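J.: Got a predicted model here, sequence first, then my questions.
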Amino acid sequence: MTLMGWAVVIVAWLGVAVACLQTTQGIYEDHVQVAAAARRPIVLAPRGLARWLTWMQVQRFGAVPWQFRAINLALAAIVSGLVGLFVQRLGLTAWIAAGVMALHPLMIETVVTLSGRAELLAAIGVLGACVIATMGRMRWWTVLLSMACLGFGVLGKESAIVGVALVPLTWTFVHPRDHWTRVFWVGCAVLVLLLIAHRFDATWSDMAQPAVSWALLQSGAFLRVCALAVLPLNQTLDFDYDALPRLWFVAAGASVLVLGWIAVTAWHGWRVLGFSLTWILIVAVPRLLVQTPRSYFNEHQFYLALVGVALTASALADALTVHLATRRRVALFLA
Amino acid sequence: MRRRGVNAWMPGVLSLCVLSVYALASAHYARVWQDELTVWTYAVQRAPNKPRPHLQLALALMERHRFIEAQFVLDDTDRILRDASPMPRWDRRDAVSALQQNRLLLARAAGLGPTFR
């Protein structure tokens, strides 16, 4: 089954890749990205790596839209491979998680736009760090390697900073009895939020909204993308949130709190579910605090959270297998 | 024996079915992102009362020298902005400014005077 699963995933991914490559025109903000890369190609700052990669590609091959997408597809394949490796090290079925990451419609926006490249590089950095975190106990060289991977991710996009919380989260999952790891993880999570708030404070000042209003709006957007993760219908790059009633956003805010409560309680029962939900929330929560009014929570911002969805899918399939096997054993025993 | 086989394969087969549906949906959605015209036409269908997709669609139409259709789309944007639809203040301000800019672009591209509406 595993071999067949991988084979189907690879063939289906090739089909999706061919569909993605059908383009004749730079799209969305591609021209802005190319211009920015031409202005300042080498920058040791967030998004610098994405910019340098674009500049390099334009210098060597010209600004050819399908080639932009080809590179993005290659990066997305690396991300899917890393997700497979990560999930396998956590003891779950790898091909299902890699398949979700490679084939889910929510990844399309990231792969087909040049600005999505930053998101892909960030995901590679964070996942690399998390894979390292699954390699036995914490040692100085694993910490250094993890930090190097996170640095790589941040050079892709600043959103990779959530890795500072995701890596200890992985450690906590792999070593559940280590008290200091938990303390470290909580400390890092707080640090992440403070860092992000400090970095983005006063940005968009002329468009700033009350914090609660922004958090509710983003909760609504986040919940919509979560629903799309389960049932990808009616996707669009510019959803009209202004058309929704205020009550919907209040309900969405409450739902996010409930999701948080489920994540915490699940750690005591079904740990994988707790881990996956916490992963998704860690990626999403900073966006409920940091105001980016021109860009509500959207599909490419959910790309790293999709790892949590992939983990859940894999865990569900494994739980179903165990359930069916147990039921059969019980039936045999009773017989 | 047959039943045990079915039980062992079922989660895998179920997962394959779900992944196949995802792959089909992805391939379909990737076609939407073929070019500016397809993506913004799709966005306008999904959000008919939002100015930004209309403004972007008008630009995409102008790029293809489809000026009459672009004019209709800009008129639609004007209608949306005049309606009392809820929208953040800065969003409305940006949309009004972009609408004026697009009208000028259209007039220039179509070789018409600035009074063209």
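T.: Now that the structure is in, tell me what you want to look at.
J.: What is the least confident helix or strand in chain B?
T.: helix B:89-109 (a mean of 78; mean pLDDT, DSSP states H and E).
J.: what packs against it?
T.: helix B:51-63, helix B:67-82 (3 or more CB pairs under 8 Å, 6 or more residues apart in numbering or on different chains; DSSP states H and E). Where you see a C-beta, it was placed from the backbone N, CA and C, and this is true even at glycine.
J.: tilt between it and helix B:67-82?
T.: Interaxial angle of helix B:89-109 relative to helix B:67-82 (axes from the mean of the first three to the mean of the last three CA atoms, to 10 degrees): 160 degrees.
J.: Could you check how far helix B:89-109 is from the centre of its chain?
T.: 17 Å (CA atoms, centre = their mean, to the nearest Å).
J.: Using PDB, write down the CA coordinates of it.
T.: What follows is helix B:89-109, C-alpha atoms only, in PDB (Å, rounded to 0.1, in the frame of the first residue of the first chain):
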ATOM      1  CA  ARG B  89     -12.400  53.900   5.000                       C
ATOM      2  CA  TRP B  90      -8.900  53.500   3.600                       C
ATOM      3  CA  ASP B  91     -10.100  50.700   1.300                       C
ATOM      4  CA  ARG B  92     -12.700  53.000  -0.200                       C
ATOM      5  CA  ARG B  93     -10.200  55.800  -0.600                       C
ATOM      6  CA  ASP B  94      -7.700  53.500  -2.300                       C
ATOM      7  CA  ALA B  95     -10.400  52.100  -4.600                       C
ATOM      8  CA  VAL B  96     -11.600  55.600  -5.600                       C
ATOM      9  CA  SER B  97      -8.000  56.600  -6.400                       C
ATOM     10  CA  ALA B  98      -7.400  53.400  -8.400                       C
ATOM     11  CA  LEU B  99     -10.600  53.900 -10.300                       C
ATOM     12  CA  GLN B 100      -9.600  57.400 -11.400                       C
ATOM     13  CA  GLN B 101      -6.200  56.100 -12.400                       C
ATOM     14  CA  ASN B 102      -7.700  53.300 -14.400                       C
ATOM     15  CA  ARG B 103     -10.100  55.700 -16.200                       C
ATOM     16  CA  LEU B 104      -7.200  57.800 -17.200                       C
ATOM     17  CA  LEU B 105      -5.300  54.800 -18.400                       C
ATOM     18  CA  LEU B 106      -8.300  53.600 -20.400                       C
ATOM     19  CA  ALA B 107      -8.800  56.900 -22.000                       C
ATOM     20  CA  ARG B 108      -5.100  57.100 -23.000                       C
ATOM     21  CA  ALA B 109      -5.000  53.500 -24.200                       C
END
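J.: would you put the C-alpha positions of stretch A:123-143 in CSV?
T.: What follows is stretch A:123-143, C-alpha atoms only, in CSV (Å, rounded to 0.1, in the frame of the first residue of the first chain):
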residue,chain,number,x,y,z
ALA,A,123,8.4,26.4,5.0
ILE,A,124,11.7,24.6,4.0
GLY,A,125,13.6,26.4,6.8
VAL,A,126,11.0,25.7,9.5
LEU,A,127,10.5,22.0,8.4
GLY,A,128,14.2,21.5,8.2
ALA,A,129,14.5,22.7,11.8
CYS,A,130,11.6,20.5,12.9
VAL,A,131,13.1,17.4,11.3
ILE,A,132,16.3,18.1,13.1
ALA,A,133,14.3,18.4,16.3
THR,A,134,13.1,14.8,15.9
MET,A,135,16.7,13.5,15.8
GLY,A,136,17.1,12.3,19.4
ARG,A,137,17.8,14.5,22.4
MET,A,138,18.6,18.1,22.4
ARG,A,139,22.4,18.7,21.8
TRP,A,140,24.4,21.8,21.1
TRP,A,141,24.9,20.9,17.4
THR,A,142,21.2,20.1,16.8
VAL,A,143,20.3,23.4,18.4
